[in-house]
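predicted model and sequence below, questions to follow.
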Amino acid sequence: MASTTYKVNAQYILLTALAVLFSWLIHELAHYFAGVLLGYDMAMTLNTAYPVSGHYAKDWHNQVISAAGPIITIIEAIIVFVLMRNGRRAMLYTFLFTCFYMRLLAGIISFLNPNDEARISKAIGLGTFTLPVLVVALLFYTIYKTSQQYRFTKKFQLITLVLVILFTSIIVLSDQFLKFRIL
């Protein structure tokens, strides 16, 4: 099966920047609103949502709030996957890839500091990496199947990876150094 060439142009680069920003924001907003629904006064930056008090009243609140972000990221990926499977929407690939990369990065970071899925996995007795591996595997499946369907070239996928890493790095580093509170 021959690869199909898709152009990486200014529109795709801008769309990738928007995909990363959108995916990051809805992920953090999910944490934020889960906390609000549980009665917490929450704060949010580009890369984190947290209770203003600095702690959760109950451990299960932490687990629910931790789960909200990955759940919305998985829902985003499934919606994009279905849209791409049912029509020629190659430009949406950057959203799908961003979802995969976000959870892969979270899994890698969990070696140093357990992230969302890792905290939940450990708390429910599955070990630190069971849920992160399952989530990353599911999201990898979506990009693998989509890449097969659209016959994306390795070059296109590599450029998408580099762009997602670039825009993710901008978000994470901006958050680290500027500490700009959104909510």
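Here it is on my side, so go on.

what segments of the chain are helices?
Per DSSP state H, the chain carries helices over the ranges 10-37, 59-85, 93-109, 116-123, 130-150, 154-178.

other SSEs contacting the fourth one?
When you say that, I think you mean helix 116-123. Judged by 3 or more Cβ pairs under 8 Å, 6 or more residues apart in numbering; DSSP states H and E, the packing partners of helix 116-123 are helix 59-85, helix 93-109, helix 130-150. (Glycine included, C-beta is placed from N, CA and C.)

so what pLDDT did the spatially closest residue to residue 20 that is not a sequence neighbour get?
For residue 20, ignoring the flanking residues on the chain, the nearest one in space by Cβ to Cβ, 6 or more residues apart in numbering is residue 167 at 3.9 Å. Here, the pLDDT recorded for residue 167 equals 97.

wait, residue 52 touches residue 35, no?
No. Residue 52 is beyond contact range of residue 35, at 9.5 Å (criterion: Cβ atoms under 8 Å).

looking at these two, which is more packed in?
Shown here are residue 52 and residue 35; by other Cβ atoms under 10 Å, residue 35 has more neighbours (24 against 9).

picking that back up, which residues do residue 52 and residue 35 both contact?
Residues touching both residue 52 and residue 35 (Cβ atoms under 8 Å, 6 or more residues apart in numbering): residue 42.

on that earlier part again, got JSON lines for the helices of the chain, with distance to residue 48 too?
Converted to JSON lines, these look like this (distance: least, Cβ to Cβ, whole Å):
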{"stretch": "helix 10-37", "distance to residue 48": "7"}
{"stretch": "helix 59-85", "distance to residue 48": "10"}
{"stretch": "helix 93-109", "distance to residue 48": "12"}
{"stretch": "helix 116-123", "distance to residue 48": "11"}
{"stretch": "helix 130-150", "distance to residue 48": "18"}
{"stretch": "helix 154-178", "distance to residue 48": "7"}
